[in-house]
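Asks: Pasting the sequence and the predicted coordinates here, then a few questions.
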Amino acid sequence: EKMLYDQAQLVLVYVEAAQLTGDPFFAEVAADTLEYVQRDLMHPEGGFYSAEDADSVPPELAADPSPLKSEGAFYIWGDEEIGRAIGDAADAVRLRYGILPDGNAPFDPQNEFTHKNLLYAARDIDEIASMTGRTVADTEAAVSRGRAALLAVRSARPRPQLDDKVLTAWNGLMIAAFARAGRVIDGHGDYLGVARRAASFIRVNLWKPDEGTLLRRYRQGAAGVDAYAEDYAYLIFGLVELFQADGDPAWLDWALTLQGRLDALFWDPVDGGWYSTTGKDASVLLRLKDEYDGAEPAASSVAVLNLLALSHLTGDSAMADRVAATFGTFGASASMSGRGVPMMLAALSTYHSGVPQIVIVGEPDAADTGALSGIVRQHYIPTAVVVPVSETHREALSRLLPWTGSLRQREGRATAYVCRDFACQTPTTSVDELDAQLEETTHT
């Protein structure tokens, strides 16, 4: 089974791992995952579908009039089948993906993987080159040919059932994943374009601006179900990531509007934190707060992270007050069962570490802007907010973030400002100086 919210959160983790370690493997995993989402989980107009089932019809039973589905049938391979599909690249592919003659499933209680192989990254390219006597380049080419051949074969198999609902919350997470990848991973496709299309899809189909409310679900042209707190929180998260990636104030403006509505509809003014529901549905007897970061993080955990970013963009003290109140509410659960609230603890870590502001003033397509952004990309500063400022968006951005109005290019060149609590270091047009300032920020 492949769930959209899993793919989104895993991409975010792998993008951060790539930024932290510099290991291209992590970026490749993120890129492969986003390629899958674009290919198999994307609505033609831009949103993302929810999931694909685990079960499907085995390819050898495709012609059966009443075939039985089985677990993982779309994804498993026989050794001989791989040999037929790939030919001279089979040895490298077998080593790369852990293929064994009699199958590689270590545990198969239902006997559905007998003599079959589950592909996984078993060995790196350098090791395979050494084992096969190929050059690294030849090994990479062989594995690439093999992947393409296997994809062609698999594409002809009966597909798993697609859950074609477009859910606002899960789309928010995936918008964040594409936007973060577009900001951090260089040269892997139009990730920002995909994030923008998805956000626009949600705005057109699931946002009711006259009422200031979101809907939760869209399918085959019909939208419905009043949104929960998680829908607002996750979408705000995606929009804040998208603003940091492309600098369009419209995303930030919408995020601030949604945050206002989240607070108005779900905030608990007595104990802090956000209820899951509005309380308007009479069939829901109790308004509860989700206090567990499970497969999906709790709305309050994401909302606190959002407010930490938004408060360090706007300077709004009311946002900081809500952050503090929520930490107070969740303090007991965090201290007694920290493993159950990892996202809330990430927010607490962010709160204590501080939220630096990294401003890049310059036109997005200019080489000097790209050089400064490239330096930012190389530094893993997970608590920072990035603010791109271009002349195209300056006026609109200044209305939302007045403090950015005085931040200008120096000597007609793209300029970086590294700030903390709205107090900035000496502006610089030098990639080396920016590198040094960010290095200092990382260790502050």
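Replies: Yes, it's here. Everything numeric in this text was worked out from a predicted model, so none of it was measured. Numbering: from 1, shown residues only.
Asks: ok, which stretches of the stretch 251-400 of the chain are strands?
Replies: 356-361, 385-389 (DSSP state E, counting those that start in this stretch).
Asks: Grab the nearest non-local neighbour of Ser311.
Replies: Met319 (3.8 Å; Cβ to Cβ, 6 or more residues apart in numbering). Quick note: C-beta positions are derived from backbone N, CA and C, even for glycine.
Asks: Quick check: that neighbour vs Gly260, distance?
Replies: Using Cβ to Cβ, to the nearest Å, one gets 10 Å for the distance from Met319 to Gly260.
Asks: more neighbours, those two?
Replies: Each of Met319 and Gly260 has its neighbours counted (other Cβ atoms under 10 Å); Met319 has more, 21 against 12.
Asks: In this structure the more buried one contacts Leu313, no?
Replies: No - look at Met319 against Leu313 with Cβ atoms under 8 Å: they stay out of range, at 9.5 Å.
Asks: First-to-last residue distance for stretch 78-98?
Replies: This stretch, stretch 78-98, spans 12 Å end to end (Cα to Cα, to the nearest Å).
Asks: For that stretch, buried residues please.
Replies: 78-79, 81-82, 85-86, 89-97 (16 or more other Cβ atoms under 10 Å).
Asks: got the phi/psi numbers for Tyr232?
Replies: phi -70, psi -50 (degrees, to the nearest 10).
Asks: Below-threshold pLDDT in the stretch 51-200 of the chain: ranges please.
Replies: 187 (pLDDT under 70).
Asks: Kindly recompute the last result at 50.
Replies: Within the stretch 51-200 of the chain, no stretch has pLDDT under 50.
Asks: Where do the strands of it begin and end?
Replies: Using DSSP E, counting those that start in this stretch, strands in the stretch 51-200 of the chain cover 51-52, 55-56, 70-71, 76-77, 117-118, 162-163, 166-167.
Asks: Which members of the buried residues of stretch 78-98 are the farthest-apart pair?
Replies: Using Cβ to Cβ, the buried residues of stretch 78-98 reach their maximum pairwise distance at Gly78 and Ala92, which is 18.0 Å.
Asks: coming back round to it: reformat the strands of the stretch 51-200 of the chain as TSV; add distance to Asp64 and mean neighbour count.
Replies: What follows is the strands of the stretch 51-200 of the chain, written out as TSV (distance: least, Cβ to Cβ, whole Å; neighbours: other Cβ atoms under 10 Å):
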stretch	distance to Asp64	mean neighbour count
strand 51-52	21	20
strand 55-56	13	18
strand 70-71	12	17
strand 76-77	18	21
strand 117-118	23	20
strand 162-163	21	15
strand 166-167	33	28
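Asks: Tell me who's in contact with His379.
Replies: Residues in contact with His379, defined by Cβ atoms under 8 Å, 6 or more residues apart in numbering, are Gln19, Asp435, Leu438, Glu439, Thr441, Thr442.
Asks: Excluding chain neighbours, what is closest to the second one?
Replies: Going back to what we said before, that points to Asp435. Nearest one to Asp435, counting by Cβ to Cβ, 6+ apart, is Ile375 at 5.2 Å.
Asks: Pretty sure that neighbour sits against Gln437.
Replies: No - in this structure Ile375 lies outside contact range of Gln437 using Cβ under 8 Å: 9.5 Å.
Asks: Who has more neighbours out of these two?
Replies: Gln437 (23 against 20).
Asks: Could you pull up phi and psi at that one?
Replies: phi -60, psi -40.
Asks: I'd like to know the beta-bridge partner residues of the closest residue to it other than its chain neighbours.
Replies: For Gln437, ignoring the flanking residues on the chain, the nearest one in space by Cβ to Cβ, 6+ apart is Val418 at 4.5 Å. Assessed by DSSP bridges, Val418 has beta-bridge partners Ile358.
Asks: got a list of what Val418 touches?
Replies: By Cβ under 8 Å, 6+ apart, the neighbours of Val418 are Pro356, Gln357, Ile358, Val359, Cys424, Gln425, Leu434, Gln437, Leu438, Thr441.
Asks: Equivalent analysis for Ile125, please.
Replies: Arg96, Val136, Thr139, Glu140, Val143.
Asks: likewise Phe327?
Replies: Val304, Ala347, Leu348, Tyr351.
Asks: my guess is Gly103 contacts Leu119, does it?
Replies: No - in this structure Gly103 lies outside contact range of Leu119 using Cβ under 8 Å: 11.9 Å.
Asks: can you tell me the distance between the two ends of stretch 214-233?
Replies: Start-to-end, stretch 214-233 (Cα to Cα) is 11 Å.
Asks: Check the gap between the most centrally placed residue in the chain and Leu258 for me.
Replies: Taking Cα atoms, centre = their mean, the centroid of the chain lies closest to Ala177, which sits 1.9 Å from it. Counting by Cβ to Cβ, the gap from Ala177 to Leu258 is 18 Å.
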